[in-house]
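Q: starting from these lines, generate the structure:
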Amino acid sequence: MITAGQMRAARALLGIDQRRLAELSGLSLPTVQRMEASDGVVRGNVDSLMKLVAALHASGIELIHDGAASPRGGRGVRFVAPETP
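A: Below you'll find the model as predicted:
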């Protein structure tokens, strides 16, 4: 799962706009806009969510889920070195 806040934070860390995220994930701009406008957890079809998360991961974004190892708990994002082929 990914939240709209995590999407915005991930884009900010990468320095990209919604259009670029759509290109990276192979989704339409309206789909990315709709996902990011969600209240809380992003809702969408599983294929679209998987494409989005995979694109963020390939760009070096690690999603921190609620209860994951983090000093203060809660959700978040972390930038790590992108994977190289």
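Q: measure the closest residue to residue 25 other than its chain neighbours to residue 39 for me?
A: Of all residues not flanking residue 25 in the chain, residue 55 sits nearest, at 3.8 Å (CB to CB, 6 or more residues apart in numbering). In this view, the C-beta of every residue, glycine as well, is placed from N, C-alpha and C. For residue 55, the distance to residue 39 (CB to CB, to the nearest Å) stands at 22 Å.
Q: what about the two, which has more around it?
A: Taking neighbours as other CB atoms under 10 Å, residue 55 and residue 39 compare with residue 55 leading, 19 against 8.
Q: all strands of this structure, in order?
A: Under the criterion DSSP state E, the chain carries strands at the ranges 61-64, 76-79.
Q: show me what the first one is packed up against.
A: Helices and strands touching strand 61-64, by 3 or more CB pairs under 8 Å, 6 or more residues apart in numbering; DSSP states H and E, are helix 4-14, helix 46-58, strand 76-79.
Q: which of the strands of the chain has the lowest mean pLDDT?
A: Among the strands of the chain, strand 76-79 has the lowest mean pLDDT, at a mean of 68.
Q: so where is this structure shaky, pLDDT-wise?
A: Within the chain, the ranges that satisfy pLDDT under 70 run 66-76, 78-79, 81-85.
Q: so the residue nearest to residue 25 touches residue 20, yeah?
A: No. In this structure, residue 55 is not within contact of residue 20 by CB atoms under 8 Å, at 10.0 Å.
Q: just give me the residue right at the centre of the chain.
A: The chain has residue 7 as the residue nearest its centroid, 4.1 Å off, counting by CA atoms, centre = their mean.
Q: now do the contacts for that one.
A: With contacts defined as CB atoms under 8 Å, 6 or more residues apart in numbering, the neighbours of residue 7 are 21, 35-36, 42, 52.
Q: got the phi and psi for residue 27?
A: Dihedral pair for residue 27: phi -110, psi 160, per degrees, to the nearest 10.
Q: any figure for the gap between it and residue 44?
A: The gap separating residue 27 from residue 44 is 9 Å, by CB to CB.
Q: common neighbours of these two, please.
A: Taking CB under 8 Å, 6+ apart as the criterion, residue 27 and residue 44 both touch residue 52.
Q: between the two, tell me which one has more neighbours.
A: residue 27 (22 against 17).
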